[in-house]
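In: Take a look and give me a structure for this.
(one chain, ligands or ions: 1)
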Amino acid sequence: MNILWFKKDLRTTNHEPLSQAIKNGPFIPIYIFEPELFQQHDYSYRHFVFLKDCLDDLQHQLNAVSLKLIINVGNVMSIFNDIHSNTPIQTIFSHEETGNNWTYRRDIAIKKWCKTHSINWSEYQQFGVIRKLKNRDGWSKHWQTFINKTPINNLDKIVPNPISLNSIPLDQLEQYVTKINSLDIQKGGSKQAITLLKSFIENRGKNYHKEMSSPVTAFNSCSRLSAHLTHGSIDLRTIYQTLSKQKTYIKSLSKDNQGSWNGALAAILGRLRWHCHFIQKFEDEPTIEYKNLHPGYDVLDKPLNLELFEAWKAGKTGFPMVDACMRALAKTGWLNFRMRAMVTSFACHHLWLPWQAVSHYLANCFTDYEPGIHYSQIQMQAGTTGINTIRIYNPVKQLLDHDPNCSFVKHWIPELESIEPALIHVIHESNLFAPHYPKPIINEKESRTIARNTLFKIRKKPLFKDLSSNIVQKHGSRKKRKP
Ligand SMILES: Cc1cc2nc3c(=O)[nH]c(=O)nc-3n(C[C@H](O)[C@H](O)[C@H](O)COP(=O)(O)OP(=O)(O)OC[C@H]3O[C@@H](n4cnc5c(N)ncnc54)[C@H](O)[C@@H]3O)c2cc1C
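Out: Reported below is the predicted structural model:
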């Protein structure tokens, strides 16, 4: 018997393991829900809600081609072992996964188990990420080849499997996770992903490059495809090729009819490459989940100040832009890139919190939590890569630049609803008019200066540059920068 193991690839279109399984005769499609994964501090009910939608949608997609998705709960190895002792497994088909330390260790154990039992485990590339890459030379070329490959679709050739296994109804999974009430998480599933892509191309994305940075516009103007990419309810290649085709079409129009689409589509296409560029870093250096990429920063003394940490998590720091973002994130499971960078920077620099605690909380909140992008980005924003410019965001300036009328802030902070925007912009200096809104928990300028000086001092130490050069060699983009 062959198994198609669905992991973070919950779709039937452009799915290479599915296509290969079809070519190799009857198979059982299986998804294994792992309660232990949901007990790790980077996973939460938010991911579960989205996952459940995706599984529901996947069941329908498979039913349409006469296949039944088998859902099991527990430890993957024990489940495979049980199946194998009843009906020997010949091959397991799946995608490669660049997961957190927990899934990484699980996959190593599965590999060993397959070897011991003479089972083939055929893994296929899910993204433009290369396993066992020596360095970044030529990576871009590999990525282009991956992304431009013709999508596969051979669902019409499915041979139904006479063997069936017990399956658990989706509703029963809820008991294995800790519920969070009143969330407003976006809906999962392939149908939703395609609707989002369509609405982005038809209208939402026209000012993407100009509107992606402000939280006032970004919730609508960004593609919002990240959680779908993370759960695989749509694949990167389909998104990239659809957007590229649209860009070619826009270019064929007269300048007057192009509007701002050219810039918008170029910007998002570039970011889809970043998706894999960042995951590749994590694939090559999985320790960045818990260790500084540049060991020069190991000397930093950052004890976890629980009072500051809790204020940041609850959106009660006294800095309106930070607080609105943290409250929006807790409710919706999403923030745009600039605001993610700002809340991370504020926590790691102004509040001087260890990035490990910050990253776990944010991962827990981001419905699109993708370990490869997440840990690489966290370290970039925390200033611990040794190869990126240290950027400390001033939350007062971010409010002025990206929410001058304070509409986003007022929406998420009811304590400030009736306050004039001009007063909100200076509320960190003196708060005499919003008694229910917290006083600032730190002095912005002072904390920023201390953080900057401490980080730059480390950069001047002997050997720092040598170690940075090694990191660039292994992880740095080879893209030539404009002079
Ligand atoms: C601290 C921090 C943590 C982050 N953690 C995650 C994470 O766990 N998962 C995640 O998908 N993104 C993460 N990002 C990157 C980025 O913020 C999100 O990809 C983006 O906001 C998702 O919304 P969207 O799909 O509407 O993106 P769009 O702006 O519409 O972009 C389309 C796609 O391009 C990719 N992309 C966009 N920006 C980036 C970027 N800066 N780096 C890498 N890929 C990018 C994503 O796949 C995204 O879905 C993080 C950023 C920061 C600063």
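
In: Give me the contacts around stretch 423-431.
Out: Residues from elsewhere that reach stretch 423-431 (Cβ atoms under 8 Å, 6 or more residues apart in numbering): 318-320, 396, 399-400, 406, 409-410, 416, 419, 433-434, 437, 439-440, 444. Every C-beta, even on glycine, is put in place using the N, C-alpha and C of the backbone.

In: What residues does the protein have near the ligand?
Out: Within the chain, the residues that sit near the ligand (Cβ under 6 Å from any ligand atom) are 212, 222-226, 229-230, 268, 271-272, 274-275, 278, 336-337, 340-341, 344, 366, 368-370, 373-374, 377-378, 381.

In: So A314 sits against M326, correct?
Out: Yes - between A314 and M326 there is a contact under Cβ atoms under 8 Å: 7.2 Å.

In: related to what we said a few turns ago, show me how to select, in PyMOL, the buried members of the residues of the chain next to the ligand.
Out: Applying 16 or more other Cβ atoms under 10 Å to these, the buried members can be selected in PyMOL as follows:
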select buried, resi 212+222+223+224+225+226+229+230+268+272+275+278+336+340+341+344+366+368+369+370+373+374+377+378+381
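
In: Contact partners for L400?
Out: Per Cβ under 8 Å, 6+ apart, neighbours of L400: H425.

In: so when I look at K187, I'm seeing a strand, right?
Out: No - under DSSP: H, G, I helix; E, B strand; the rest coil, K187 falls outside any strand and is assigned coil.

In: what pLDDT does S468 get?
Out: Note on S468: pLDDT of 80.

In: didn't it look like it was pressed against G386?
Out: Yes - S468 lies in contact with G386 (Cβ under 8 Å); the separation is 4.5 Å.

In: With adjacent residues omitted, what lies nearest to N305?
Out: L353 (6.7 Å; Cβ to Cβ, 6 or more residues apart in numbering).

In: And A314 and M326? Which one has more around it.
Out: The neighbour count for A314 versus M326, taken as other Cβ atoms under 10 Å, is higher for M326 (27 against 13).

In: Can you tell me which helix or strand of the chain has the lowest average pLDDT?
Out: helix 464-475 (a mean of 81; mean pLDDT, DSSP states H and E).

In: Now do that one: distance to the chain's middle.
Out: 26 Å (Cα atoms, centre = their mean, to the nearest Å).

In: Can you give me the buried ones in it?
Out: Quick answer for helix 464-475 (16+ other Cβ under 10 Å): S468, I471, K474, H475.

In: what's near enough to touch Q192?
Out: Here Q192 is in contact with D53, D57, Q186, H228, S233 (criterion: Cβ under 8 Å, 6+ apart).

In: Please list the members of these that lie in strands.
Out: In strands, defined here by DSSP state E, there are no members of these.

In: between those residues, which is nearest the ligand?
Out: Nearest to the ligand, judged by Cβ to the nearest ligand atom, of the contacts of Q192 is H228 at 8.0 Å.

In: if I look at that closest one, how far off is W5?
Out: Distance of H228 to W5, computed by Cβ to Cβ, to the nearest Å: 20 Å.

In: So between these two, which is more surrounded?
Out: H228 (29 against 21).

In: what residues are up against that one?
Out: Applying Cβ under 8 Å, 6+ apart, the residues contacting H228 are G188, S190, Q192, A193, L196, I234.

In: residues contacting the residue nearest to the first one when sequence neighbours are not counted?
Out: Nearest in space to G188, with sequence neighbours left out and distances taken as Cβ to Cβ, 6+ apart, is D53 at 3.2 Å. If you count contacts by Cβ under 8 Å, 6+ apart, D53 has them with K187, G188, G189, Q192.

In: since we're on the nearest residue to L236 once chain neighbours are set aside, how many residues are nearby?
Out: Distances taken as Cβ to Cβ, 6+ apart place F127 nearest to L236, at 5.6 Å, with adjacent residues excluded. Applying other Cβ under 10 Å, we find 24 residues neighbouring F127.

In: For G232, see how far away F127 is.
Out: Taking Cβ to Cβ, one finds F127 at 10 Å from G232.

In: And the helices in the stretch 101-250 of the chain?
Out: Assigned by DSSP state H, counting those that start in this stretch, the helices in the stretch 101-250 of the chain fall at 101-116, 139-148, 190-202, 208-211, 215-221, 226-231, 236-252.

In: now for the last one, which elements pack on it?
Out: In other words, helix 236-252. In terms of contacts (3 or more Cβ pairs under 8 Å, 6 or more residues apart in numbering; DSSP states H and E), helix 236-252 is packed against helix 139-148, helix 190-202, helix 261-284.
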